[in-house]
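Undergrad: quick one: sequence plus predicted model below, questions after.
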Amino acid sequence: MKLKLHIWRQKNARDKGKMVTYEVDGIISDMSFLEMLDVLNEKLILNSEEPVAFDHDCREGICGACSLTINGIPHGPEKETTICQLHMRHFKDGDEIYIEPFRARAFPVIRDLVTDRSAFDRIMQAGGFVSARTGGVPDANAIPISKKEADLAMDNAACIGCGACVASCKNASAMLFVAAKVSQYAHLPQGQPERKRRVLNMVAQMDKEGFGGCTNQYECEAVCPKGISVASIALMNRDFFKASVTE
Amino acid sequence: MAALVRFLQSTILSKVVVAVTGLFMVLFLLGHMTGNLQMYLGQETMNVYAETLQGLGGLLWVIRGALLLFLVLHVILTLRLKFLSMSARPEPYAVKNYVRATLTSRTMVWSGVMLSLFIVYHLLHFTVKATNPAYGGLFDAAGRHDVYSMVILGYSNVLISMVYIAAMILLGFHLFHAIESMFQTLGINHEKYNPIIHGLSVTLSTIIVVGFIMIPVGVLAGWIALPAGVIVL
Amino acid sequence: MNLDPKIPSGPLAEKWDNHRFEMKLVNPANKRKYSAIVVGTGLAGASAAATMAELGYQVTALCYNDSARRAHSIAAQGGINAAKNYPNDGDSVYRLFYDTVKGGDYRSREANVYRLAQVSNNIIDQCVAQGVPFAREYGGYLDNRSFGGAQVSRTFYARGQTGQQLLLGAYSALMRQVGLGTVDLHTRHEMMDIVLIDGHARGVVVRDMVTGEVQSFAADAVILATGGYSNVFFLSTNAIACNVTAAYRAYKKGAAFANPCYTQIHPTCIPVSGDHQSKLTLMSESLRNDGRIWVPKAKDEKRAPNDIPEDERDYYLERKYPSFGNLSPRDISSRSAKEACDDGRGVGPTGYGVYLDFKDAINRLGKSTIEARYGNLFQMYERITGEDPYQVPMRIYPAAHYTMGGLWVDYNLQSTIPGLHVLGEANFSDHGANRLGASALMQGLADGYFVIPYTIGNYFATAKTEKVTTEHPEFKRAEEEVRGRIDSLLALDGSRTVVSIHRELGKIMWDYCGMARNEQGLKKALELIPELRQEFWENAKVVGDGENLNSALERAGRVADFLEFAELMCHDALNRNESCGGHFREEYQTEDGEAKRNDEDYTYVAAWEYKGVGNEPVLHREPLEFENVQLQTRSYK
Ligand SMILES: Cc1cc2nc3c(=O)[nH]c(=O)nc-3n(C[C@H](O)[C@H](O)[C@H](O)COP(=O)(O)OP(=O)(O)OC[C@H]3O[C@@H](n4cnc5c(N)ncnc54)[C@H](O)[C@@H]3O)c2cc1C
Ligand code: FES
């Protein structure tokens, strides 16, 4: 199939950037979206043009590197699917596709479709951990944890840190990302001792990074490639309120 | 004070304030609506009710003050969130689509701003009577301020009724997202109870909208009629 | 070249304890005077950096990913082994040790493997304490599953995302230290070379991938945890950016490279669908717990799988290996699939595929149980192929997956270059000629959490090197070399893309140094690779500049190293005139097609010394001594 692509091109963080239109041909339905971009890039290189830069690595939907907004939806139209796992069989000949980076002030564009998402790392540094030094911990089976709670923790731990939640949100809010981590630990006994400090510090860092506030649009949940529920945000709201009042 | 400022600076806590003030306003709306529906019970009942409210004196002013404070907080904090959100994405998308967020949820600020303007108009219209000073001179047979007739006179103007009806429909959309959203902000989200919360949200917003609209509709349809002796200005 | 493995004395079970006691310690107050650079933030690197920082050392950590959390370890699905014996099915440290040595086809070092089995239990404790949400039973205790090559259930897992959860655990520990200011983390920084001063590893030269700036970091020791080199095959289950550069640069600077030909081909991957393919996707081996593998008995079978009656199907693993059946080790399962396809009985459009069928399991356990166990894997399969595995059997084929070979290290995980330590998949130490499922995660974390934090202290306390800064002329020289190399890559202005050359290299390696090898083919590869390398330097095209993010340039540098490294692999494969584990030489097989080891001549680690591009490397041998395990023909029948 033949496609018309409108792609955001920007040389570096200082450059202004603009949408540029390209045409690609010979795309087959078994290709992944990123393989389609590979085809474009090979063509660009042979024309002595610079290839379109985009983040990607595992190409199996787990590393969270890939981060494209397709026709205004982060990771494109398929539910619970990262863009690297989206296959071209969901498009048809002659389609026009708009490809933009994940946009947010806290995710500045480095080049083309590549953004700097280190704000997420800094939020994690603020409290996204259990302070368990290596060694000196009890036997793994010392504390039984109900399967239900363990499963809930896992549901939230599944976050791949891609930032689609931020990119999709009309407020560019990072609540789902932060709430997923807060909830993972909140569901586990190991997370309890630092529970209040964690939520206070992570939220403070989140606000500092320049993300917008949550207005319960739930767009984040809808585009999350791991289907993380906004119930985590409710839990974080609760925990944060409690911690703010008591700490 | 510093603690309060810190409280209001955090996006999460300011949302909690928005939710709580919103909650009080919803409760107020329910009361206001129930009170107003007494229009259907005739001039006597309505005017007695109005007089009782006026008779509260100082308490009435406390309630009014509180409502005003809630409203101001509600508006200021949401506007601040709006500004934060605008600065959080300086470069907009060339194309933007939504999967789940509804038009209603995305336009809360705008419906909110319009409702605020409406409230100003509504106060000028019926409370301060600045738009229609003559309303102040209406009294019933018992010498009470004739609120009943005032409302009917007000809504007899089709244009004004339309404004009120439109505003109430807007309110409905606002509440539709607001009520459900309030639970989420206050940390209440549970698989088991979410359908109930959703139902409650739909039901409450519908009741409030329909309840309020029934009054101008009643006047226009002639279900609520002007008593004899009141001069139509 | 000194290949002293430095195995501690004493009985196997006491070696590690004795060694820990004998090692010199660094006084707590002095620890902050010592610094280390950790390259890589995968399981091995992140756990090492975090733990060393906890101990008080000054740590600089580097990775080429945009976040430490995205190292390739994140992609591991199936699980991690430990000798906890929670299911009470007869497991023990000794059994895990034994299974690993046997699984590795008796080509690993006993002492290292035993230590690995010993610390495996601590890993699980540590991860649980960090909040890793392992799967649990209703009673609240940890659940286990079984994995290929073992007859006990010793694999801990977190849905199909075990690697992700373990890495996020290590990453969170690392983030904590970064927040505390004890680890200086640089993401999007690619290590380009290693710097030696007076024979000791003292730092690295890196390229900032965003600004293109070339700079150096100096320290008292360098630790490489840079993962494996499966991408030499172009198509593999590894992430796109995985590469051999860091290890290869160390090799060029004098570190011995051990057993490069030991590569693991994973039996359960989604088959190649066309030339556009950029990578292969693994379907966790755990699927073999409930799925049955088969091909049609007849050649050129045209019927749809569900139309082929039972008695016309060949469940070849169950037939050939009745006691392990579908859970036979990876090398055996992969090779059997290849045999079936070479025999013309392969399935799918390319004929390179076999069925993995869940019909019986669904009938026996119900769809919901299967969904609970493998739901996300089934979903992933459907997304990629557009077929529903609940209805039609999956199609799978082996793919390059893991590299047992790596930089040679001694018991302390130190390479032949003093001060250069190597952890995780980047070293060669524990898996011999074949790695068992769920053992790589275990090894990476063992190295990082529980081995290097001790042995590095011993190095610091005994090496007593002088402090250096990046102003040292050696650093300046190395930086110039790196800049020169980048410039020559940027100057490439031919007519082929780097990716097309990488793809061609992959094909050479897959055809001649893949699942089955022979002398003739390897010799052929040794002719083709230098030609392709020449083609690269004469005819490749790299666009863009060195001052901005340039993915074409990054790729070119990695492929350039693969083009040299591939030759080393072939030399090693050619040298090893036997079949063992992942290394199957067609000349050395039994009558019924099983691998034939040659213990007499090849019970050694082949450690190679660099002698210049295109020159034959020099072989050094570390003999392997087995004091506890008896060498046997590996049998899974
Ligand atoms: C699809 C898949 C599934 C797997 N499933 C399992 C499983 O179920 N169980 C199991 O035990 N094992 C499994 N494995 C194997 C296991 O995941 C890996 O062997 C292991 O995670 C490797 O960890 P590592 O820390 O050594 O390296 P990696 O995680 O690969 O990390 C390498 C790090 O080095 C950095 N790096 C590399 N080169 C440079 C450079 N030049 N400059 C700067 N930084 C550099 C990278 O940025 C990265 O941070 C699987 C592997 C794959 C591919
Ligand atoms: S590339 Fe790893 S999630 Fe898409």
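TA: Yep, that arrived. Residues are numbered from 1 along each chain as shown, chains lettered A, B, ... in the order given. Ligands and ions are numbered 1, 2, ... in the order given.
Undergrad: so what's B:G154 up against?
TA: Residues counted as contacts of B:G154 (Cβ atoms under 8 Å, 6 or more residues apart in numbering or on different chains) are B:125-126, B:132, B:135, B:160. Placement of C-beta: from N, CA and C, glycine included.
Undergrad: in ChimeraX, how would I select the buried members of those residues?
TA: Restricted to buried positions by 16 or more other Cβ atoms under 10 Å in any protein chain shown, the ChimeraX selection for these reads:
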select /B:125,132,135,160
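Undergrad: the helix or strand where A:K196 lies: what's the following helix or strand?
TA: Here A:K196 sits within helix A:195-208, counting by DSSP states H and E. Using DSSP H and E, the next helix or strand after helix A:195-208 towards the C-terminus is helix A:219-223.
Undergrad: right, is that next one up against chain B?
TA: Yes: judged by Cβ under 8 Å from any Cβ of the partner chain, helix A:219-223 comes into contact with chain B at A:219, A:221-223.
Undergrad: now the angle from the next helix-or-strand element following that helix to helix A:195-208?
TA: For helix A:219-223, the following helix or strand on the C-terminal side (DSSP H and E) is helix A:231-246. Angle of helix A:231-246 versus helix A:195-208, following axes from the mean of the first three to the mean of the last three Cα atoms, to 10 degrees, is 110 degrees.
Undergrad: quick one: contacts of helix A:231-246?
TA: A:156, A:175-176, A:178-180, A:182-183, A:186, A:195-197, A:199-200, A:203, A:214, A:216, B:7, B:10, B:12-13, B:15-16, B:183-191.
Undergrad: these in helices, which ones?
TA: Mapping the contacts of helix A:231-246 onto helices (DSSP state H) picks out A:156, A:175-176, A:178-180, A:182-183, A:186, A:195-197, A:199-200, A:203, B:7, B:12-13, B:15-16, B:183-185.
Undergrad: and these, which are buried?
TA: Among the ones in helices among the contacts of helix A:231-246, the ones that count as buried by 16+ other Cβ under 10 Å are A:156, A:175-176, A:178-180, A:182-183, A:186, A:195-196, A:199-200, A:203, B:7, B:12-13, B:15-16, B:183-185.
Undergrad: which residue ranges of chain A form strands?
TA: A:3-9, A:18-24, A:68-70, A:73-74, A:96-101, A:109-111, A:114-115 (DSSP state E).
Undergrad: residue of chain B nearest chain A, please.
TA: B:G187 (2.9 Å; Cβ to the nearest Cβ).
Undergrad: tally of neighbours for that residue?
TA: 20 (other Cβ atoms under 10 Å in any protein chain shown).
Undergrad: one more: B:H145?
TA: 17.
Undergrad: ok so, going back, anything in the helix holding A:K196 near chain C?
TA: No: using Cβ under 8 Å from any Cβ, helix A:195-208 stays clear of chain C, coming no nearer than 9.1 Å.
Undergrad: ok, and does stretch A:8-20 reach over to chain C?
TA: Yes: interface with chain C: stretch A:8-20 contributes A:11-12 (Cβ under 8 Å from any Cβ).
Undergrad: list the contacts of B:Q43.
TA: Neighbours of B:Q43 in contact, by Cβ under 8 Å, 6+ apart: B:140, B:146, B:148-149, B:227.
Undergrad: burial of the closest residue to ligand 1 within chain A, as a residue count?
TA: Residue nearest to ligand 1 within chain A: A:E60 (7.0 Å; Cβ to the nearest ligand atom). Neighbour count of A:E60, defined by other Cβ under 10 Å: 23.
Undergrad: pLDDT score for the residue of chain B closest to chain A?
TA: Listed pLDDT for B:G187 reads 96.
Undergrad: and the gap between the spatially closest residue to it that is not a sequence neighbour and ligand 2?
TA: Excluding the flanking residues, the one nearest B:G187 by Cβ to Cβ, 6 or more residues apart in numbering or on different chains is A:R238, at 2.9 Å. With distances taken as Cβ to the nearest ligand atom, to the nearest Å, A:R238 is found 31 Å from ligand 2.
Undergrad: averaged pLDDT, stretch C:604-622. What do you get?
TA: 97.
Undergrad: ok, back up a step: contact partners for the residue of chain B closest to chain A?
TA: For B:G187, the contact set (Cβ under 8 Å, 6+ apart) comprises A:234-235, A:237-239, A:241.
Undergrad: please, a ChimeraX command that selects the buried ones among these?
TA: Only the buried entries of those go into this ChimeraX selection, using 16+ other Cβ under 10 Å:
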select /A:234,235,237,238,239,241
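Undergrad: picking up where we left off before, just put the contacts of B:Q43 in JSON lines and tack on pLDDT, distance to C:E301 and secondary structure.
TA: Formatted as JSON lines, the contacts of B:Q43 follow (pLDDT from 0 to 100; distance: Cβ to Cβ, whole Å; DSSP: H, G, I helix; E, B strand; the rest coil):
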{"residue": "B:D140", "pLDDT": "90", "distance to C:E301": "95", "secondary structure": "coil"}
{"residue": "B:D146", "pLDDT": "93", "distance to C:E301": "93", "secondary structure": "coil"}
{"residue": "B:Y148", "pLDDT": "95", "distance to C:E301": "88", "secondary structure": "helix"}
{"residue": "B:S149", "pLDDT": "93", "distance to C:E301": "91", "secondary structure": "helix"}
{"residue": "B:P227", "pLDDT": "85", "distance to C:E301": "93", "secondary structure": "coil"}
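Undergrad: just those that are near ligand 2?
TA: Filtering the contacts of B:Q43 for proximity to ligand 2 by Cβ under 6 Å from any ligand atom leaves nothing.
Undergrad: for ligand 2, state which of those residues is nearest.
TA: Checking the contacts of B:Q43 one by one against ligand 2 (Cβ to the nearest ligand atom), the nearest turns out to be B:Y148, at 66.4 Å.
Undergrad: for that closest one, give me its contacts.
TA: Contact analysis of B:Y148 by Cβ under 8 Å, 6+ apart lists B:39, B:42-43, B:46-47, B:140, B:227.
Undergrad: can you do 10 Å?
TA: Each residue near B:Y148 by Cβ atoms under 10 Å, 6 or more residues apart in numbering or on different chains is listed here: B:38-39, B:41-50, B:138, B:140, B:224, B:226-227, B:230.
Undergrad: what do you get for C:K84?
TA: Here C:K84 is in contact with A:139-141, C:91-93, C:96, C:120-121, C:124-125, C:142, C:144, C:154, C:156 (criterion: Cβ under 10 Å, 6+ apart).
Undergrad: of all these, which comes closest to chain B?
TA: Set against chain B, the nearest of these by Cβ to the nearest Cβ is C:L142 (25.7 Å).
Undergrad: count the neighbours of residue 56 for me.
TA: I went with chain A, as the question did not name one. By other Cβ under 10 Å, 26 other residues sit near A:H56.
Undergrad: actually, chain C is the one I wanted.
TA: Neighbour tally, C:G56, other Cβ under 10 Å: 17.
Undergrad: noted, bye for now.
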